[in-house]
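Colleague: Need the 3D shape of this:
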Amino acid sequence: MRNLIVFVLFTFVSVASFAALSVEGTYQGKNIYVQNPMDDEGFGYCATKVTVNGDIMPGGTSMGAFEIDFSMFNIEIGEPVFIVIEHNDGCKPKILNPEVLLPRSTFVVSEMSISDDGKFVWKTKNEEGKLPFVIEQYRWNKWVVIGEVQGKGGGSENSYEFLVTPHSGENMVRVVQVDHSGTKRPSKEVKFMSKTAPVSKTPAKVKNEIRFVTGETPVETRYEIYDAYGNIVKKGVGSSVNCTNLLRGVYYINFDNVNEKFIKN
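Modeller: Numbers count the residues shown, from 1 in each chain. Predicted coordinates for the structure are as follows:
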C-alpha cells in the first residue's frame, strides 16, 4: 500500500512539472521560429515536444532556438494550423514571429457591380485568410462605413453582396480590408446614378426637431451633426432628429449628399 501511495504521488509531481504553450492561426507561407531557453535546473532545454495539428515535429527541440517548418507537415497556404509546444515547468519557450499565422489581406476583386437600386455585388479571388470586408460609401467629401460582410477565405473565387442605401445623385461604393498590419486595403470604387430624389432639411431655424423631406413627404436619410468645434453630437438614420438637448449655437449637418450649417435657437 505504501509503494502504491508513493507511485501516485510521484506521478502527480511529474505531470504537474510540465506545461504547454499553444498557438493557432492560418498558414501564410512562412515558418515559425521559437526561442528555447535552458530549463530552470540547467540540465537541458525548456521545450520537450512540438506537435502541429496533432503530428509530432521531427528533429526534436534540444537546441537554443528552432524552426517549425510547415513543409514537413504537407500543409497548404490558407489551411488552419494548431501548434502545441510542451515544455518544462519553471521556464517558457518564446514564439518569435506569431504574426505570420494571422490572416493577411490578399484579396483581388475580379468583378464588381451595383444596380440602380443599390444591390452591390463583388467577386474576389486569392483570399488567404477570412477577414471581414468593410463596405464604404463616398458622401460628404469622405468615405463613410455603411456595413460589413465576413470574408470566406480560401483560394477559390468568392461572391458577396450588400444592399446599399443610395443618396441622391452620383454614388460611389468600395470594399476595404484591414489585417493585423493595420494597413487599409481598399478596392477600386464602383459608381452609379441614383434615382433617389434629393432630400432637404426643415425648418430653416431649428428649435426642437429637424425633419428630412422630399417635397413635403418625410424620408429617411443617413445624417451626422457636428458642433462648432468639429465634435460629432448626433448621427444615425431617420426621417427626423430630436434637437431639444442641443445647446444654442452653430452646428453643421451632413445628410443625403449635402453639407449644411444651421443655428440651434
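
Colleague: Verify the stated contact: Ile114 with Val190.
Modeller: Yes - using C-beta atoms under 8 Å, Ile114 makes contact with Val190 at a distance of 5.2 Å. For glycine as for every other residue, the C-beta is placed from the backbone atoms N, C-alpha and C.

Colleague: neighbour count winner among those two?
Modeller: Ile114 (21 against 18; other C-beta atoms under 10 Å).

Colleague: Phi, psi for that one please.
Modeller: phi -150, psi 140 (degrees, to the nearest 10).

Colleague: low pLDDT regions in this protein?
Modeller: Scanning the chain for pLDDT under 70 picks out 1-17.

Colleague: Which segments of it make up each domain?
Modeller: 2-101, 108-194, 200-264 (automatic domain parsing).

Colleague: sorry, back to before: common neighbours of Ile114 and Val190, please.
Modeller: Common neighbours of Ile114 and Val190, counting by C-beta atoms under 8 Å, 6 or more residues apart in numbering, are Phe120, Val173.

Colleague: about what we covered before: any idea which of the domains of the chain is most buried?
Modeller: Highest mean neighbour count of those: domain 108-194, a mean of 16 (counted as mean count of other C-beta atoms under 10 Å).

Colleague: now that one: how far from the chain's centre is it?
Modeller: Centre-to-centre, domain 108-194 and its host chain are 14 Å apart (C-alpha atoms, centre = their mean, to the nearest Å).

Colleague: and the end-to-end length of that domain?
Modeller: Across domain 108-194, the terminal residues are separated by 27 Å (C-alpha to C-alpha, to the nearest Å).

Colleague: same question, stretch 244-264
Modeller: Terminal residues of stretch 244-264 lie 9 Å apart, using C-alpha to C-alpha.

Colleague: got the contact list for that stretch?
Modeller: Outside stretch 244-264, the residues within contact range by C-beta under 8 Å, 6+ apart are 139-141, 167-169, 198-199, 201, 204-210, 212, 221-228, 233-234, 243, 265.

Colleague: Now Asp40: closest residue in space, sequence neighbours ignored.
Modeller: Gly90 (3.5 Å; C-beta to C-beta, 6 or more residues apart in numbering).

Colleague: typed the wrong thing, it's Glu111
Modeller: Lys123 (4.2 Å).

Colleague: Find the residue closest to Asp69 in space, skipping its chain neighbours.
Modeller: In space, Asp69 is closest to Asn31, 5.3 Å off (C-beta to C-beta, 6+ apart).

Colleague: Next up, the contacts around that neighbour.
Modeller: Listed by C-beta under 8 Å, 6+ apart, the contact partners of Asn31 are Glu67, Ile68, Asp69, Phe70, Val100.

Colleague: Quick check: it vs Ile232, distance?
Modeller: 46 Å (C-beta to C-beta, to the nearest Å).

Colleague: before we move on, what about Arg174?
Modeller: In terms of C-beta to C-beta, Arg174 sits 23 Å off from Ile232.

Colleague: Shouldn't Ser181 be within a strand?
Modeller: No - under DSSP: H, G, I helix; E, B strand; the rest coil, Ser181 sits outside any strand and is assigned coil.

Colleague: can you give me the end-to-end distance of stretch 157-176?
Modeller: OK, stretch 157-176 end separation, C-alpha to C-alpha: 17 Å.

Colleague: Actually, stretch 52-63.
Modeller: Note: stretch 52-63 ends 19 Å apart using C-alpha to C-alpha.

Colleague: coming back round to it: tell me which of the contacts of Asn31 is nearest to Gly155?
Modeller: Phe70 (16.4 Å; C-beta to C-beta).
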